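> Here's a sequence, model it:
(chains A, B and C)
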Amino acid sequence: MSVSESEPAPDPKIKTIEELYDYLYKGLQLEHATLPPYLTALYSLRPGTNSDARHVIRVVAVEEMLHLTLVANVLNAVGGKPDLTKPGFVPNYPTRLPCGPDYFDVHLRPFSREALDTFLKIEKPPEAATEQDRFVPMDWAALGLTSDGAPPPPEKLAQLEESGTLFGLVPGEPSKRFASIGEFYEEIIRGINHLEDQARQAGKTIFTGDPARQVTPEYFYSGGGDVIEVTGRDSAVAALTLVAEQGEGLYGGIYDSQDELAHYYRFQQLEKGRYYQKGDEPNEPSGPILHVDWDAVYPVKPDIKMVDLSRDPEILAAAAEFNQFYATFLTNINLAYNGQPDLLLKAVWEMFRMRDSMNRLVRNPLTGHAGKNAGPTFEL
Amino acid sequence: MTQTTDAENNLDEFVKFSAAVTGFSEFDLWGTGQAEEYYKTVLNQEGPEAIRKVIASDPSAVPSDPVVNSIIKLWYVGVWYGPELVGRMDVAAWTAPGRSGAKPAVPDDSRPEESRSLLATSGRLQDGEDRAHGEVERKPLFVVSPDAYTEGLLWRAIGAHPSGAKAPGYGSWVNPPVFED
Amino acid sequence: MMSYDGTDQVIFPAGAATQTSAAEAAQGVWDAVIVGGGMAGSIVAEQLGQAGYRVLILEAGPGKDMDLAEYESYLSRFYGAVVKDNQSPYPFNPNARMPRSTDTMPVDPNTPRDDFYLVQQDKYCTDTTFTRVLGGTSMHWEGKALRMLPEDFDLRTKYNQGLNWPLNYDDLEPYYRKAEAELGVAAEVEDQAYLGMHFPKGYVFPMHRMPLSYLDQTVARGVDGMRVNLADDEYTLQVRSFPQARNGVPNAAYDGGKGFVPVGAVSTSQVEEGERCQGNTNCVPLCPVQAKYHSGKTLAKALRKGNVKIVTQAVASKVEINDHNQRVAGITFKKYESLGSEKYTEYTVEGAVYILCAHAIENARLMLASGMQDMSRSKLIGRNLMDHAYLLTWGLLPEPAGTMRGTTCTGGITDLRGGRFRATQAGFGVDIHNDGWGWATGSPYTDLVELVDRQGLRGRDLRRTLGNQISRQLLLAFMIDLLPDRNNTVTVDERYKDALGNLKPVVSFKIPPYTMKGAAFARKLATDIFEKLGAEDRTTYDQNSYSAVEYEGQWYNIVGGNHLAGTHIMGTDPANSVVDRDQHSWDHDNLYLVGPGSMPSIGTSNISLTMAALAFRSAAHIVKYLRAAKAPAVVRS
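Take a look at the predicted model:
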């Protein structure tokens, strides 16, 4: 990603504060969208096994929560209101994320080589070098969403976007999408710069949000990076840059600006069977060896839905209860992002309760799906 | 296929019976991930006849076959207390987590016999030893596996979490306890 | 050497536990040779390493790097252990044995037995323990980090009891702050400024206090404001949070507003765990996430410096003394090959200065086994062994109070730690145990057996009754002061040797009447507190137990606190002490004895924080000693 701090962008897509809010909401939705797949993989690991994989996925999941918080801080700083409880905020899996020229499907899956491959794609460093490469034409036909390849009609488009079926569309330009998540954040930074420059010319600022709505480090820390309190342009850019680089590394390196190993490289350790250490080049970890036991995993049915549980009433009830916990979790986080930051500590309690609930689900064999176990459906 | 089905049926029946005597649902029991290990533990320790007899018995019968007591305790704390250890509070005390120094309420002369060998082999089983799956002599006292400990139902019953696992989160302890049931 | 910055402070250099061979160590020239890689040894090593000196640590425990996999093997071993005592997470090691509570019983010298380490021959036996693995006893300590009271340093002057320290609170205060930073203590000054404890203006602890548990709050409702008369003075009780070396919420005002960054789990790669306590209720014997301080956090820092090395599986067996000048000429140690083999090779290492940091019992044992008592002017090596005397009392509260949640102990009553009554009876602190009656009765497993086997409960009935019963448990543990007594001793005896042929420690330990008077008062106070709370008193004592002590016609059980101290006490001259106020040996110029053994009294605070403060203080003196003795070796960084 090419971070431009104050260079005027050629033609920023974000021209109004409402458009900035819209982008930032999509950012929240995007950051959150990775959580259910990571959690499903994490809790599919059998206890007492796969310690390395468990820790790697756990740290990434915690950092996704950090990203969600950072985006919320930016949105609050510019006077917006995060809303994690809107219908459709949680995607209906599988969802699609942009990754260079291709979209790829993100499933709820137990830990596996396929799941790891998806995780690597989610966090992959972008290759876009030129301004044109930042966008990719949308092939709606290839996704099977329209027959002629043209964008769907506005109503259907709105529905698709709202439901988190696919991410990375350029708002207002359904024939294009961002080449990567990094470019999506780059666009937001450009938009902030543009709007703030404009506002300053008029003797104003877009950073009009109530500072009390910021989540500060005392409310969030659990490994992997610190919360940045957003009070103006510099801290907004720093927060969004951290979100982007914590996934993919800073300037082509394996660490981010807070010296955290980037997610892509954390996951790559599982693929390579070795930890990275300070001084390593990308793709060449030289630290201690690590082990993955691909078989020590509960066979959770991929993309499981409540309808799959109809023959198992006790599992159905537990899955419904889990979804209830999850809804409560999002509601509490949302309150935390709306002026009650101390509720984030309590959200951790909910997270642990969900962990226990998920653990029970993934160990229950399903009736009528031979060899498959239940899992959380994340249908709210 | 029929053989597996028989085995599966037996396991299902074991879980059904266990649900009745433990007060937890079949979902909860499967949810521990221990059903198979526990079934095999009982099978290997007490034999197929004993387990058949138990499963066919009235789950509300008291006093029951001591094997039933062993099964309940197995689900609650993951420890196999053989039927000969029924009612042994001292044995329970020595196997409980938490500080285990001298316990005023537990007589010293009940300290585990051959404590050294018990302690030395505790945790990871010795190479090749697999008490849940037979091929070793009967053993009146063992923890089925490390996960069996953390999956004990007792902790859910008391609105807490196993000592050393399934942490509830920083500061959650300021709240009154919540009992699921 | 690779450079590491602040965010990498928990990286343990891969291979550090094994890459220095014993032979290399024996050939090397060291500025300092340290025996013991626990809290004191790690702090001294880190400080000397920082000053540029070449440091060698000899560690008796197994030779594994401190990484997450090793740590999780401890956890897994604990989960799977049949007997879950303090040492259950650690592998059985015949070459560096540890005392276990299950071993606690008198040994008859005429009946050979080998299933114990700590040899006791008296009727009363202590079940106290210490741990011999990398990280030492800090691996299983509870994490309470109280300072000693100012009056604790002048007991003899003030109350005509015990011994004075050659240091006072103010001498140690700056080092307490250093220790609080190193250990990462969570507390509020407003809670801790009692009984004369004072702090520099504007000081805040690194992290905010651990929240009081629901159980603490329940007890506080009955106890806060309760008045107690004792030796003509009236005391008002309150439930107060304990300072704890455990990661919580950092205080943004720490260090003049710079804040504090909690130190998480140690491993050979970046793991990002343990930055905050999750409430696993398992501080003893092992915090699953390393939110609790253990000295591996300091050791990792020390080893990263490159000039600090460690040899593991190296049991120090003799301090070699030059007969002419009484200086230490070397440390002989036995390097064993593995936990499964008693094969070993003997080496001797030499340094400019030697520092024994092997805890009260092992320091004394090593010195006595080396014949150093003969050269001691005070003859006090191994004498004045101390430990807190714990009296347990337990009751059943009228309503569920959420027992079995939180850290092992978040709050307690500290108002009777000090006061004029100490002229006649021991002070004490009271721990409200979040883990219920476990320590006293073996709950909750005993409740299970009681309900299932004896009461025949089944199904929902069983489930509900268990919840109701266990959640109402209240255990008050009184931690009672125990003064130095020459007759409480560690000795050695040729009849008792371990697998490597090293002499085992022989302990003789009795609970003095001064302490028992405090215990008797504590028992009455517990009755009053239970009554205030409407709790049913369930306390019973067993007079047949090895822990039984009679006082004024009543029997009590006094259990150990794992707060071992006092076997080489500090003092003002070579006749009344083994070391001076800097923990410098009076009798051997190039020897320091750093650890709780140097403490002339332990008051009513868990010893670790004071030991750590003393270690920082002594490290500064050892640097001065080395500077005078020689120019530091040039170290590449």
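
> only C-alpha atoms for contact and neighbour calcs from this point on.
Will do.

> Could you look up the SS state of the residue in the stretch 251-400 of chain C positioned nearest to chain B?
At 4.2 Å from chain B, residue C:278 is the closest residue in the stretch 251-400 of chain C, using CA to the nearest CA. Classification of residue C:278 by DSSP: H, G, I helix; E, B strand; the rest coil places it in coil.

> Contact partners for it?
Residue C:278 is in contact with B:167-171, C:291, counting by CA atoms under 8 Å, 6 or more residues apart in numbering or on different chains.

> which of these come close to chain A?
Applying CA under 8 Å from any CA of the partner chain to the contacts of residue C:278, one finds that B:167-170 fall near chain A.

> which among those residues are in contact with chain C?
Filtering the ones next to chain A among the contacts of residue C:278 for proximity to chain C by CA under 8 Å from any CA leaves B:167-170.

> Next, see if stretch C:52-62 gets close to chain B.
No: on the criterion CA under 8 Å from any CA, stretch C:52-62 is out of touch with chain B, staying 15.1 Å away.

> Quick one: residues in contact with that stretch.
C:25, C:30-37, C:41, C:45, C:48-49, C:93, C:96, C:132-134, C:307-316, C:338-339, C:632-635.

> circling back: how close does the residue of the stretch 251-400 of chain C closest to chain B get to residue C:338?
Using CA to CA, to the nearest Å, residue C:278 is found at 35 Å from residue C:338.

> and the ones next to chain C among the ones next to chain A among the contacts of residue C:278, which of them are in strands?
Residues of these located in strands (DSSP state E): none.

> Any chance of CSV for these, columns pLDDT?
Formatted as CSV, those follow (pLDDT from 0 to 100):
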residue, pLDDT
B:167, 95
B:168, 95
B:169, 94
B:170, 94
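
> what about the residue lying closest to residue C:130 once chain neighbours are set aside, distance to residue C:128?
The spatial neighbour of residue C:130 that comes closest, neighbours along the chain excluded (CA to CA, 6 or more residues apart in numbering or on different chains), is residue C:137 at 5.4 Å. Residue C:137 is 12 Å from residue C:128, where distance means CA to CA.

> Show me what the lowest-mean-pLDDT helix or strand in chain A is packed against.
Using mean pLDDT, DSSP states H and E, strand A:95-99 stands out as the lowest-scoring helix or strand of chain A, at a mean of 82. Judged by 3 or more CA pairs under 8 Å, 6 or more residues apart in numbering or on different chains; DSSP states H and E, strand A:95-99 is in contact with strand A:102-106, helix A:113-123.

> Can you tell me what sits against that strand?
A:103-107, A:121-122, A:124, A:126, A:164-168, A:177-181.

> and it with strand A:102-106, angle?
Relative orientation of strand A:95-99 versus strand A:102-106 (axes from the mean of the first three to the mean of the last three CA atoms, to 10 degrees): 140 degrees.

> Let me know the angle separating strand A:95-99 from helix A:113-123.
60 degrees.

> Centre of the chain to strand A:95-99, how far?
11 Å (CA atoms, centre = their mean, to the nearest Å).

> swap in stretch A:285-300?
The answer for stretch A:285-300 is 23 Å, by CA atoms, centre = their mean.

> what sits against the residue in chain B that chain A sits nearest to?
Closest contact between chain B and chain A, by CA to the nearest CA, is at residue B:31 (3.7 Å). Neighbouring residues of residue B:31 by CA under 8 Å, 6+ apart: A:359-364.

> one step back: mind listing what's buried in the least confident helix or strand of chain A?
A:95-99 (16 or more other CA atoms under 10 Å in any protein chain shown).

> And for stretch A:141-151?
Within stretch A:141-151, the residues scored as buried using 16+ other CA under 10 Å are A:145, A:151.

> OK, contacts around the nearest residue to residue B:67 once chain neighbours are set aside?
Counting by CA to CA, 6+ apart, residue B:67 lies nearest to residue B:83, which is 5.4 Å off, once chain neighbours are set aside. Residue B:83 makes contact with B:66-67, B:69-70, B:140 under the criterion CA under 8 Å, 6+ apart.

> Residue numbers of chain C in contact with chain A?
C:2, C:4, C:7, C:14, C:69, C:76, C:249-252, C:268-276.

> Against chain A, how distant is residue C:444?
Note on residue C:444: its distance to chain A, by CA to the nearest CA, to the nearest Å, is 21 Å.

> In the stretch 101-250 of chain C, what residue lies closest to chain A?
Closest point on the stretch 101-250 of chain C to chain A, by CA to the nearest CA, is residue C:249, at 6.2 Å.

> Can you give me the pLDDT of that residue?
pLDDT for residue C:249: 91.

> That one touches residue A:218, doesn't it?
Yes: at 6.2 Å, residue C:249 and residue A:218 qualify as touching, with contact defined as CA atoms under 8 Å.
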